[in-house]
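Visitor: Need coordinates for the following:
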Amino acid sequence: MRVAVIGAGVVGTAVAAGLARRGAEVVLLDRDVPGAGTTATSVAWINANNKDPEHYFALNHAAVRAHHALAGGGADWFFPTGNLECAAGDEHRAMLAERVARLEARGYPVRRVTAAEARDLEPDLLHPAAAEYAYFPEEAHAHPIRLLGRFLGEARDRGARVETGAEVRGIASSPGGVTLALADGRTLTADTAATCAGRWTQELAASAGLTVPMLDPRVSGRATNGYLGVTTAVPARLSRVVTTGRLNLRPDGAGRIQLQALDLDGTADPAAEPAPAIGAEMLGRLAGVLASTSGARIEQVRVGQRAMPADGLTVAGFADEHARIYVVATHSGVTLSALLYGEVPAEVLGGESAVLGPYRPGRFLDGSAGPAPAPARRPGEQ
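Guide: Numbering: from 1, shown residues only. Purely as a prediction, here's the structure:
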């Protein structure tokens with residue numbers, strides 16, 4: 001079967017690799033270079049920690065396990081060191097206790113730890129008074145471009161053709177296949193197209209007369225836009241994702257630390273350079289979270305744009321009446337990529353996934369889609 005995969009982010013490359021592994025003839029198309037879109041600005045925290053409803057939690061938990069299986073005994077893109085959460089205020093402690101109880105009931109690996117145990121895990125972590133801790137040992141983080149490279153390399157090795165600078169402007173389906181119209185005037189034909197175009201999904205689907213609504217990063221604020229800061233190299237010991245009430249952080253390689261402060265995201269504008277005050281505020285918070293960071297400077301602050309379907313849940317399934325255009329769109333791209341690597345190609349080639357059933361694009365037409373998701377909230381925010 002000839003399959004055109006549109007979008008060479010982490011999801012598109014995973015789908016292309018999975019298809020090529022199953023013997024499909026694959027062409028992977030992207031308007032830019034692989035990873036230039038959302039993947040390059042991902043926190044890449046692999047988890048199912050606060051995912052709801054329960055079927056979405058189950059999907060993400062299966063994906064966490066899929067990453068461990070894909071990495072095997074070790075991989076240069078995968079860091080299975082868990083997540084340590086520190087809750088300092090009354091509200092955060094209550095939220096953490098409720099979440100831990102819910103996750104324990106769902107069979108998710110989590111345990112409460114003492115301050116002494118937290119110090120063993122992260123010796124340079126600073127400890128607020130009356131703080132409580134939880135450790136999520138199955139969680140991990142990835143270097144997203146290395147992860148993308150793992151999928152892209154397999155796709156190429158198995159014969160996939162990769163075309164960059166190949167912008168798909170339109171898709172048409174028929175009982176016999178699909179026709180893709182490219183910006184350079186060419187047309188390509190295939191038996192099936194798998195669209196993995198991230199935040200451009202709605203526009204591309206509309207070209208085929210299909211409805212797959214996505215939140216618009218230009219107008220939806222914190223739900224789709226967020227700051228990511230990266231420090232210069234510092235001599236602090238940090239080996240895992242650490243989440244606190246005011247700052248999330250993880251190693252970013254060569255001594256750098258990646259920073260995220262969700263409550264600051266309300267001013268994130270993808271059309272504007274982040275104000276210097278954003279980086280300064282992140283650095284100020286870092287000094288209260290991690291020792292040995294007094295010499296840190298901000299190397300870069302970027303605005304990440306999340307690919308968010310209109311109801312916040314993943315989209316996966318054929319969208320057209322001829323079952324020729326398969327659409328994948330998700331906010332949880334890095335986490336889900338290792339699972340979609342197997343599940344989506346199986347469906348494109350004629351199977352049916354046991355876990356993707358709740359995520360069909362038809363929900364936006366039959367009225368079963370839920371409301372738009374609320375932005376992530378910090379303890380103490382209204």
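
Visitor: Show me the shaky parts of the stretch 151-300 of the chain.
Guide: Within the stretch 151-300 of the chain, the set of residues satisfying pLDDT under 70 comprises 220.

Visitor: Helices of this structure, start to end?
Guide: 10-21, 54-71, 90-105, 115-121, 144-157, 201-207, 276-287, 333-348, 363-366 (DSSP state H).

Visitor: Taking helix 54-71 as reference, get the angle to the first one.
Guide: Counting by axes from the mean of the first three to the mean of the last three CA atoms, to 10 degrees, helix 10-21 points 60 degrees away from the direction of helix 54-71.

Visitor: Now helix 10-21: buried residues?
Guide: 10-21 (16 or more other CB atoms under 10 Å). C-betas here are computed from N, CA, C, even on glycine.

Visitor: helices or strands up against that helix?
Guide: On a contact count with 3 or more CB pairs under 8 Å, 6 or more residues apart in numbering; DSSP states H and E, helix 10-21 meets strand 2-6, strand 25-30, helix 144-157, strand 192-195, strand 325-329, helix 333-348.

Visitor: For the first one, the averaged confidence score.
Guide: The predicted model gives strand 2-6 an average pLDDT of 98.

Visitor: Can you dump the C-alpha atoms of it in PDB for me?
Guide: Below are the C-alpha coordinates for strand 2-6, written out as PDB (Å, rounded to 0.1, in the frame of the first residue of the first chain):
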ATOM      1  CA  ARG A   2       1.200   3.500  -0.800                       C
ATOM      2  CA  VAL A   3       0.700   5.900   2.100                       C
ATOM      3  CA  ALA A   4       1.500   9.600   2.200                       C
ATOM      4  CA  VAL A   5       2.200  10.900   5.700                       C
ATOM      5  CA  ILE A   6       1.800  14.600   6.100                       C
END
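
Visitor: what distance separates it from the centre of its chain?
Guide: Chain-centre distance of strand 2-6: 22 Å, with CA atoms, centre = their mean, to the nearest Å.

Visitor: Parallel or antiparallel, list what pairs with that strand.
Guide: Under the criterion DSSP bridges, strand 2-6 sits next to strand 25-30 (parallel), strand 192-195 (parallel) in its sheet.

Visitor: and residue 233, how many neighbours?
Guide: Residues lying near residue 233 (other CB atoms under 10 Å) number 15.
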